[in-house]
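Asks: predicted model and sequence below, questions to follow.
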Amino acid sequence: MLAGRWDHTCDYRSQIALASCYPSSTLAILEDDHTFHRRIASGRAQDITIGALSPPDSAPYRNATLLLDGVRWHEWSAAP
């Protein structure tokens with residue numbers, strides 16, 4: 001599943017809840033909702049889609065993960 005952290009239509013927390021309903025799901029939260037549109041424009045959307053539909057231990061899945069890795073949103077918490 002793909003979600004945008006700053007998406008105005010669907011809050012990323014609802015995407016986390018939805019992903020938890022699917023036992024074998026993977027959720028990628030991107031920095032913003034326009035990131036995937038830039039991937040489409042770059043011609044990489046097909047690789048991401050094929051990877052998302054592939055088994056997690058497959059080369060297409062790993063490739064899709066790498067393509068999204070630089071645009072994923074990370075919530076960092078500071079250690080006390």
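Replies: Cool, the structure landed. Residues are numbered from 1 along each chain as shown.
Asks: return the helix or strand in this protein with minimum mean pLDDT.
Replies: Scoring the helices and strands of the chain by mean pLDDT, DSSP states H and E places helix 35-41 at the bottom, with a mean of 69.
Asks: if the residue most central in space within the chain is in a bridge, with which residues?
Replies: Nearest to the mean C-alpha position of the chain, by C-alpha atoms, centre = their mean, lies residue 28 at 2.2 Å. Under the criterion DSSP bridges, residue 28 forms beta bridges with residue 2.
Asks: how far does the lengthiest helix in the chain sit from the chain's center?
Replies: If you go by DSSP state H, the chain has its longest helix at helix 59-69. Offset of helix 59-69 from its chain centre (C-alpha atoms, centre = their mean, to the nearest Å): 10 Å.
Asks: buried ones in that helix?
Replies: 60, 61, 63, 64, 65, 67, 68 (16 or more other C-beta atoms under 10 Å). All C-beta atoms are positioned from the backbone trio N, CA, C, and that covers glycine.
Asks: which one of the residues you listed is nearest residue 21?
Replies: residue 61 (20.5 Å; C-beta to C-beta).
Asks: average pLDDT across stretch 47-55?
Replies: Averaged over stretch 47-55, pLDDT sits at 84.
Asks: which parts of that stretch are buried?
Replies: Buried residues in stretch 47-55, counting neighbours by 16+ other C-beta under 10 Å, are found at 47, 48, 51, 52.
Asks: list the contacts of that stretch.
Replies: Under the contact criterion C-beta atoms under 8 Å, 6 or more residues apart in numbering, stretch 47-55 has outside partners 2, 26, 36, 39, 58, 60-65, 67-68.
Asks: same thing but 7 Å
Replies: Contact with stretch 47-55 is made by 39, 60, 61, 63, 64, 65, 67, 68, as judged by C-beta atoms under 7 Å, 6 or more residues apart in numbering.
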